[in-house]
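In: The following block contains a protein sequence and its predicted model.
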Amino acid sequence: MSRQARLGLVVIVGLLSAIAFLFVIGSQSNLFQNSFAVRANFNQVAGLKTGASVFYNGISVGRVEAVRLPAAPGDPITVLMAVDEDARPLIREDSRALIQTDGLVGNVIVSLTDGSPRRPQVADNGQIEGVDPFALSEISDRLFESVSRFDSVTVQLTGIMSDVRTGEGTLGQFLYDDRLYESTVATANTFQATVAESQNTLRSLTARADELVTVAENASRGVDEILTRVYTGEGTVARFLNDDEVYTTALATVAQLQEGAAQLQTVSADVRAITDRINQAAGWGALGAFRFSENMEALKHNFLFRGYFEDRGYYESAPFEVREAAIAQTLADLQEWERRLVEQQRVIDAARSELGVDGVISAPPVDSEPAPAPAPEE
């Protein structure tokens, strides 16, 4: 074989080997299979890189096409995945994407979960819910914080135990103070004595209750005897219950009582009528007495009969005359006080003028002679 033929054979074998290698790599990374795009948003991806595997219940069904940075701080991280068409019926709109670590190697992968059969399949370039990965750093921070809190609690507990050992505080006194122990023992003894007294009282109450039960039994026996006699027809009550003559007599008595009640109602009606007439007569009498009194009062004030009543000592002024006389007397007293005040004011003004004091207080003009009181009307 010529040198050129051997060279051509080596090149062909190399090309075939390269093609076979590419097919093997592509079959393992699903490069040559039909796929559809699925997106999921995460707050953190824990080192997920492009080309990472995508699994569905432990079966490799795709790869990560891209991990896109957020557009602004606080926005989610978008992960674009290429999933095989064979797995499309299993990925639903309520499926979730979880970022996990693959075994002990530490490769970061994406795991897809089942969806509800009643929900539709996810569309091409559709979006499903992303679940953030488990953050070991947060757990370690919380663990360190818990350890620091436990240390502070331990320090406080140590101080409390030292106070207890020295007898400080309620617990320390309870454990190390003999007086508290003695008081507790005395209280327990008192409680036991009280319990004993309560037991004695309970026994006495039980005895009295037994006596009451005996009395009740005797009373029930007496009632049974009375009922037996009643049933057998002995005694007044039995005759009243069993004798028809007593029943007939009772009915006759009731009828007589009803007749008496009717007669009593008639008598009460007559008495009421008589009372009404008496009240009317009393009213007329009171009216006549009032009118007679008015006539006699008029005769007292008549000029023909006034002298007679004055001689007899029966004359009295009418109420309106008494009121007018009282008013006239009050008016005369007020005028007399007014006259005295005017005179005092004049004396004060004269004294102030002699002393040369300014600011004389002027009194209102008042007539020197008071007006005469009106004569009472006759």
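Out: Ah, there it is. Numbering: from 1, shown residues only.
In: Give the other helices and strands that the biggest helix by length in the chain contacts.
Out: The helix spanning the most residues in the chain, taking DSSP state H as the definition, is helix 244-300. Where contact means 3 or more CB pairs under 8 Å, 6 or more residues apart in numbering; DSSP states H and E, helix 244-300 is packed against helix 306-312. For glycine as for every other residue, the C-beta is placed from the backbone atoms N, C-alpha and C.
In: what mean pLDDT would you report for the helix it packs on?
Out: Across helix 306-312, pLDDT averages out at 68.
In: Next SSE downstream of that helix?
Out: From helix 306-312 onward toward the C-terminus, using DSSP states H and E, the following helix or strand is helix 319-355.
In: Tell me the buried residues in that next one?
Out: Residues of helix 319-355 classed as buried under the neighbour-count rule (16 or more other CB atoms under 10 Å) are E324, Q335, V342, Q345.
In: Okay, buried residues for stretch 65-84 please.
Out: In stretch 65-84, the ones that count as buried by 16+ other CB under 10 Å are E65, V67, I77, T78, V79, M81, A82, V83, D84.
In: Just give me the least confident of the buried residues of helix 319-355.
Out: Within the buried residues of helix 319-355, pLDDT reaches its minimum at E324, with 76.
In: mind listing what the closest residue to F42 other than its chain neighbours touches?
Out: The shortest distance from F42 to any non-neighbouring residue, by CB to CB, 6 or more residues apart in numbering, is to G130 (4.4 Å). G130 sits next to A40, N41, F42, P76, V79, R96, A97, L98, I99 when contact means CB atoms under 8 Å, 6 or more residues apart in numbering.
In: partner residues bridging G130?
Out: With DSSP bridges as the criterion, G130 is bridged to A97.
In: P76 versus that one, what's the distance?
Out: In this structure, G130 and P76 are 8 Å apart, going by CB to CB, to the nearest Å.
In: residues shared between the contacts of the two?
Out: By CB under 8 Å, 6+ apart, the residues touching both G130 and P76 are N41, F42.
In: so where's the stretch 151-300 of the chain shaky on pLDDT?
Out: Low-confidence segments of the stretch 151-300 of the chain, defined by pLDDT under 70, span residues 163-165, 167-178, 180, 230-231, 233-244, 246-247, 260, 267, 299-300.
In: which one of the contacts of G130 sits closest to A186?
Out: A186 has its nearest neighbour among the contacts of G130 in L98, at 68.7 Å by CB to CB.
In: and the longest helix of the chain, how far out from the chain's middle?
Out: For helix 244-300, the gap between its own C-alpha mean and the chain's C-alpha mean amounts to 63 Å (CA atoms, centre = their mean, to the nearest Å).
In: I109 falls within a helix, correct?
Out: No: going by DSSP: H, G, I helix; E, B strand; the rest coil, the assignment for I109 is strand, not a helix.
In: just checking, it touches A52?
Out: Yes: between I109 and A52 there is a contact under CB atoms under 8 Å: 5.6 Å.
In: Compare the two (neighbour count), which wins?
Out: Taking neighbours as other CB atoms under 10 Å, I109 and A52 compare with A52 leading, 22 against 18.
In: Can you show me the helices along the stretch 101-250 of the chain?
Out: In the stretch 101-250 of the chain, the helices defined using DSSP state H, counting those that start in this stretch lie at 136-165, 169-176, 178-232, 235-242, 244-300.
In: ends of stretch 46-66, how far apart?
Out: With CA to CA, to the nearest Å as the measure, the ends of stretch 46-66 fall 15 Å from one another.
In: Show me the contact partners of it.
Out: Residues lying outside stretch 46-66 but in contact with it, judged by CB under 8 Å, 6+ apart, are 29-30, 35, 37-38, 67, 79-84, 86-87, 90-91, 99, 101-102, 107-112, 114, 133, 135.
In: Identify each buried residue in it, please.
Out: Of the residues in stretch 46-66, those scored as buried under the neighbour-count criterion (16+ other CB under 10 Å) are L48, A52, S53, V54, F55, Y56, V61, G62, R63, V64, E65.
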